[in-house]
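1. Got a predicted model here, sequence first, then my questions.
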Amino acid sequence: MDFHPQRVPVTAVVVSHNGHEWLADCLAALSFQTVRPMRVVAVDTGSDDDSVDLLRLRLGQSAVTTVAEDVALGDAVSAGLALADSLGSRSEWVWVIHDDCAPDRGALAALLTRAEGSPSIWVVGPKVRDWGGRRLVEFGATTDRVGHRETGIDRHELDQGQIDHRVESLAAGTAGLLVRRDAWEGLGGFDRLGWPSADDIDFGWRVHAAGGRVALAADAIVRHAAALTTGKRPHTEPLSPVLRRERGMQVVLANTSGWLAGLMWVRLVLGAVPRAIGLLVFARRASAARDELSAARGVIRDRDAIAAARHVRRTQRVISHREVRGQLAGVRERLRHLLEALRALTASRDPGVHRSTETGPVDESSEFLARDDTAALRWLLSRPSVALFLAAVLVALIAERGLFGSALAGGSLPPPPAGAHDLWTSYLASFHPFDVGTSATSPPALAVLALLSTLLLGKAWLAVDIVVLGCVPLSALTAWLATRRLTPSIPLRLWAAGGWAVLPAVTGAVTGGRIDVCAAAILLPLLARSMIITMGRFEPQAPRLGRWSRCLATGLLLGLVTAWTPVIWPITIVATAVALVVSHSLWHAQTRWLALLAIAAVGFVLCLPWSLTLAEHPVDMLAGLGVPSLVRNTPLPADQIVLFHPGGPGQPGLWVGAVLLLAAVAIASRRTRPVRASWALLVVGLAAAVLVSRLHGVNPGSPASRSWPGVELLVAAGGALAAVASATSGAWIALRRRPFGVVQPAAALLALAAVVAVAWSALHWIIDGAATPLAPTVTATAPLFVGDELGTATSPRAVIVTGRKPVAITVVRTAAGPDLSTAAVASIRQAAAQQQAGVALERAVGDLIAGRPQAARELAGADVQYVVASGPAAALVRQGAAAVGGFTVTPSPDLLVLHARRHTGELGLAAGSTARGPGRLTLLPAAPDGSAETTVSASTSRRQLVLAEATNPHWQATLNDRPLARTTVAGWEQAWQVPARASGRLVVGWNQPSRPIWLAIELVVLVIVAFGSLPLRRVEVHRPARHRSGG
Amino acid sequence: MIAVRRVATALVLLAAVVAAAATTAHRLNGVRETGRLLPITAATLVCPDVSGSQQTSTRMTIADPSGGSAANVRISQLQGEATTSRPVTVSPGFTETVTRAGGPVAVIASGADAAAIAAAQTSLTDSTKGRGLTAANCERPRTDWWFVGANGGVGYQDTLWIANPLVTAATVHITLLSSRPTPVTAPKLASIEVPGHSAVSFPMASVAPDVPNIALHVHASLGLVTAAVDDVQLTGITPAGRDWIPAASPPGEAMTIPGLTPGPGDKSVEVANPGQTAAVVHLEVVSDTGSFAPKGHDEVDVPAGESTVIDLTGALDGHPGAVIVMSNEPVVASALTSMTAGNQLPDLVWRTAVDPLAVGDTWAQGWTRQGRSDLLTLTAPDQAATVTVQAQSGRAATLTVPAGRLTTVDLAKTLHASPHGPGFATVTAVSGGPVYAVQTIEMAGARGPLVAGLPPSRPLAAVRLPAIVSSPGTALTPAVG
């Protein structure tokens, strides 16, 4: 330690204001410098603690002066300099010291060393750490073009020398700032107009404009408590964020070049709105958004002050703005901030981070507590939710024995596609080349599944397995979460969640391969929970903050469930409205109507444009996602509906539903709002189930097809479970108070029955197993040699015919047949021309069965090269095909395979008008999506280009880039006239530009809703470096 | 009390749901997939063998009883690739008499009336060789044919004809049953390829030599065919009669075989059991005097895979009759009546089970005139029936049959048919019944009586297609096991 330090020509000016807590450290640090300032003076700005006494004690009476409280930092420093001058020590440098900062021993030496030999260095800034001395606060500072202070340091960043390479900056913080005395006086010190939070930026900018440089000295370390910013300074209001923004903007406007100033002003004012929206929507910082707008208002208000400041700076400027501009923060810094904000956003929701529970000012290093991993595991295993989940996993694993494979299918579930890519392709495409070809809008459930598959590294089969096979455990878990809103009783919650997971509709959905209902079973409890919370937020006494973002979150969930089972959209709206009315909740807050409307709208918009097609044909909401089950002639009987049994495989006995219903009826005697609301759910669900199971023709092309009322009965049974769970604990207390009679044993018996019913449902499912009709794999009906032929360049089709009453047909264009990505689209209503194509094909098959000669022509026209008939259909087709002729029969076990003799291509260029007779047909290779490109030579006769696809204006054919005249063949096929002498390059393809637009809109809405639905952040995250220079 | 009221409210709500569900369920039960009703616009008939010679004249008649002239009819002799067709005018009938060698002839009708077109052929041979009057309806091709009564033994010159009038080649498999306990193997009949527009014939004596009382099952696994059996019987070298064996109805447990002609000749029923279990067959006879179970033959065992001949000569004792066959297992059956007069040469007529008479049933050669008498035998085993028959001329006659009896009328006389035959007769109304009717053609030949029989031919009903629905699941077959 150097006890005889050298004195250097530096005047240290300590500015204090109620800084008792730090002042002693500050002064001690000054006195322990390896090179000492020639003089240390102090200026107190109206402290009401003992700061002045302390200063006088340590520095001597003469070295301390006081000024008024509202004097700006620059003026206070100037007052200190005047005092030093009066004491006869005019020095070359001024060292600005805040009362809450403490320079390390070598700080001054390092600052001076940095400036040595460089007269152009007018200002040297130290490396500022926090008061604890480990984390970085600032090392040079700049601003971006809209006035955000930029330090290039992340929050809580530990100083590991990572920024020591910085040598210069636009500006540096005022704490520990070393300034040349002549520069200080030449520029007039820190601005006197009163921008305390941005005066350092402003000063640095002016230094640069006047031809000086701001250097940084990494070895000069100053600890700074930033007491003003963090609100730790007693009796002093911390600087408001809006003021800070305002100052930031004003500094930019005051210092930018003359011709830019006007533009910048407009940009700052007009840009405030999008910036505020961005802050609100993406950063979830409502107050920051508000500040942004207020600051813009302030910029408008203070335009005269800005003009005055600009006048002063114009006289000082010697360097053009273009040269200074390089020092401003650019796009890179802004991106870094965005990432940081996102990280903060997610980190605040990370359950692994334990927030400090201390209320007072704490050392920042103690804010994050390390997690004890083994303790966490112990804690986890002792949770009832984990036990419930593990039990449900066990039940599912046993019941689904033999189903674990890579191509789960069967029942309504088509096999999964090869990968996430196929799901994305099918979702994004506007034309789907399967069956007769469809331009139907893909259901958004495909996108959800595709996203899940992508997260699972492209394994579509795994995504399907998780939704279908994981349905019971996952729905148990979500139901557990939802029940927290209903009852505090753990056993009741376990019963309700477990009961939900093994409802007949859930086990039936898994066993029947109904992936849409499986997804709904998982998501519905979350939707219900979110809806309860949202409606709770609209209670008059509830805090207003974040109610609309809660609406967005519920809307997002509604959209997600609607994507799988669209019928849930109207049911949710009706059930919620009825629940609000019957629980007398609606009239307390009219805004609930609006909230419900907003939720419905968000759910609808998220599923665009699919939801529009459903709005056009509401009955299509019932079609289901997978392979439609063909015919269910009898509507579901009344007893099954009212006992929550949707019918089909995987159903326990009816008594299970009877117990649940009995319990719900018994609990109806309790008069609580949850019971009324739950009953509303129960009745709406049952009514929907009655309605849905009575409608027929829900699958286009199958007039007798009916919907499986699984979702509706899920809602109803969910209502029953919720009613019982929410009111039972209260009922129990009421029963105890009653004199003992017949009621208590009956209630006990019912409770026992309820528990047994849930246990039996699980056991029944375990015993029965989930393996029929669900299977670990299915095979394509078409034999391999047909599949091979379908893969050829001309992409012919095969018609598969099965069954007898009715005869079921489908068109395949690939060996594998339909998978989930294609079947999901196939179940959607198609455009009229495509329906006509389907009808034409059904007619062709009918004519084939009837043995009518036109069948061959009709099938050839639809580009069918193979007819594969299996089961009882084989006999029908055999008889007919013999009479029709034109086929060769290819032997195949258990199948009748007819091979059309005449080859036709997907795209045929036929001579003559509508004739497509043999020998006059030229085959064109075409991609499976119908696109083709070829060269056509001139001919003597007019020709017709026939595409074996349904007419659609989106089909386009051009000859040498000129569109051909379109026409229709056979009532449904797209065709074009090719002039006789025309020759050249012929291109055929599908072009539907509206689909990408819709998808873009959907994506934008999704992003906005997703960010908007995150809870608003109530605590402002301060950037540590943003503080009052006078700290 | 309030609690009770709340529970009651809940119950009322549930009851409303149940009531709504229960009332609507019943009403909506009837919704089902219905297929298209296809009008018939094309029909093909095959007359089994339209050929003649110096001694034989064959008469082929095509009738359009619908009265219109909307059918476009062509006929073609099935000669493989050399087959050509020629148009004929059927308004309302067309008859061609052939006295040169020929073969199976296809009658191809198209147009709105194609379904109603009926055709039949009759042949007369009054010399010694192959003597007899024969008649056969021209049939539509199908996949399965049954015949009971063929014979490969000594004294028979039976021929099996198989014709394929369609373009597509047919593959035909024929299985044989006989009254022998050992299974009949006929390698030549196991798998036969019949090219399009062609016909093949097999003498039974060479494909199944010495096999008696044969029942044939002709099955086309690919394509559609028509089949017919020409039965020629001899006693030593003396002709004992000739007729086409009409196709039996597919195996069934109850059937009515009408048209056993009166007179002193032999009458028998041949029953074959194609199943795997022995059948117990009950017989009942309806004659002009009433119905009864034939003594000694009321219960007959037919072993699995065998045929049995039951003699009814004594039971009918010269009366005309119909035989009702009832069995506990599906069986096929035909009846044979022989007609003799003193020492003259006999002729025979084969009968098989027919469906109850329905409106539209037609005999293409309803009356033949030219020395023949055309009798219509109507049998009503259960209830009395009234049948109206209309002639080609438009003249109609109403015939009544008492319950449990049979009636025979001379159709030509009843209908006052023109002497220039032949012409068709068609049923325009049926009430009561069921009533079974067959036509019998009789004539006095130079060497004895001649007889032939024809069941009615039924117009094609409009085809009710099965419902056809689109379902992508069709392309998938669940894995087994």
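-> Structure received.
2. Next up, the contacts around A:A717.
-> Listed by Cβ atoms under 8 Å, 6 or more residues apart in numbering or on different chains, the contact partners of A:A717 are A:W500, A:L503, A:P504, A:A505, A:F644, A:G657, A:L660, A:L682, A:G685. Where C-beta positions appear, they are placed from N, C-alpha and C, glycine not excepted.
3. Test for you: state the pLDDT assigned to the residue nearest to the last one when sequence neighbours are not counted.
-> Right, the one you point to is A:G685. The shortest distance from A:G685 to any non-neighbouring residue, by Cβ to Cβ, 6 or more residues apart in numbering or on different chains, is to A:A716 (2.8 Å). Model confidence at A:A716, given as pLDDT, is 95.
4. Likewise for B:G236?
-> Confidence score, pLDDT, at B:G236: 83.
5. list the contacts for it?
-> Contacts of B:G236 by Cβ under 8 Å, 6+ apart are B:G155.
6. in the helix or strand A:C26 falls within, what counts as buried?
-> In the assignment (DSSP states H and E), A:C26 maps to helix A:20-31. For helix A:20-31, the neighbour count (16 or more other Cβ atoms under 10 Å in any protein chain shown) marks A:H20, A:E21, A:W22, A:L23, A:D25, A:C26, A:L27, A:A29, A:L30 as buried.
7. remind me which residues of the stretch 151-300 of chain B are low pLDDT?
-> The stretch 151-300 of chain B contains no residues with pLDDT under 70.
8. Residue numbers of it in contact with chain A?
-> Neighbours of chain A within the stretch 151-300 of chain B, by Cβ under 8 Å from any Cβ of the partner chain: B:L166, B:V167, B:T168, B:A170, B:G196, B:A220, B:L222, B:G223, B:L224.
9. Widest-spaced pair of those residues?
-> The span of those, defined through Cβ to Cβ, is set by B:V167 and B:A220 at 14.2 Å.
10. who's more crowded, these two?
-> The residue with more neighbours, out of B:V167 and B:A220, is B:A220; 25 against 16, by other Cβ atoms under 10 Å in any protein chain shown.
11. what residues are up against the closest residue to chain B within the stretch 251-400 of chain A?
-> The stretch 251-400 of chain A approaches chain B most closely through A:E400 (15.6 Å), counting by Cβ to the nearest Cβ. Neighbouring residues of A:E400 by Cβ under 8 Å, 6+ apart: A:L469, A:V510, A:G769, A:A770, A:A771.
12. Quick check: the gap between it and A:T772.
-> 12 Å (Cβ to Cβ, to the nearest Å).
13. Same check on A:L456?
-> Going from A:L456 to A:T772 by Cβ to Cβ gives 27 Å.
14. same deal with A:D894?
-> For A:D894, the distance to A:T772 equals 21 Å [Cβ to Cβ].
15. So the two - more neighbours on which side?
-> Between A:D894 and A:T772, counted using other Cβ under 10 Å, the more crowded position is A:T772 (14 against 9).
16. got a pLDDT number for the nearest residue to that one once chain neighbours are set aside?
-> Distances taken as Cβ to Cβ, 6+ apart put A:P649 closest to A:T772, at 6.2 Å, once the chain neighbours are dropped. pLDDT recorded at A:P649 is 84.
17. would you say B:W363 is within a strand?
-> Yes. B:W363 forms part of a strand when assessed by DSSP: H, G, I helix; E, B strand; the rest coil.
18. Can you get me a residue count around it?
-> Using other Cβ under 10 Å, B:W363 has 32 neighbouring residues.
19. I'd say A:E1002 and A:L606 touch.
-> Yes. When contacts are counted by Cβ atoms under 8 Å, A:E1002 is listed as touching A:L606 (7.2 Å).
20. any common contacting residues for those two?
-> Contact criterion Cβ under 8 Å, 6+ apart; residues shared by A:E1002 and A:L606: A:P444.
21. Compare neighbour counts for the two and give me the winner.
-> A:L606 (23 against 18).
22. contacting residues for that one?
-> Taking Cβ under 8 Å, 6+ apart, one finds A:P444, A:G555, A:L556, A:G559, A:L560, A:T562, A:A563, A:E1002, A:V1005, A:L1006, A:V1009 in contact with A:L606.
23. do B:T182 as well
-> Contacts of B:T182 (Cβ under 8 Å, 6+ apart): none.
24. Any buried residues in the longest strand along chain B, and which?
-> Scanning chain B for the strand with the most residues, using DSSP state E, yields strand B:321-339. Residues of strand B:321-339 classed as buried: B:321-325, B:327, B:329, B:331-339 (neighbour count, 16+ other Cβ under 10 Å).
25. tell me the mean pLDDT over it?
-> Here strand B:321-339 scores 90 as its mean pLDDT.
26. Just checking: what are the partner strands of it?
-> strand B:252-260 (antiparallel), strand B:267-272 (antiparallel), strand B:279-287 (antiparallel), strand B:347-352 (antiparallel) (DSSP bridges).
27. could I get the residues of the stretch 151-300 of chain B next to chain A as a markdown table with secondary structure and distance to B:G155?
-> Output for those, formatted as a markdown table (DSSP: H, G, I helix; E, B strand; the rest coil; distance: Cβ to Cβ, whole Å):
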| residue | secondary structure | distance to B:G155 |
| --- | --- | --- |
| B:L166 | coil | 36 |
| B:V167 | coil | 40 |
| B:T168 | coil | 38 |
| B:A170 | strand | 32 |
| B:G196 | coil | 36 |
| B:A220 | strand | 31 |
| B:L222 | strand | 36 |
| B:G223 | coil | 34 |
| B:L224 | coil | 34 |
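28. Going by residue numbers, what spans are helices in the stretch 401-550 of chain A?
-> Applying DSSP state H, counting those that start in this stretch to the stretch 401-550 of chain A gives helices spanning A:420-428, A:444-455, A:460-468, A:471-483, A:490-501, A:504-511, A:515-537, A:547-564.
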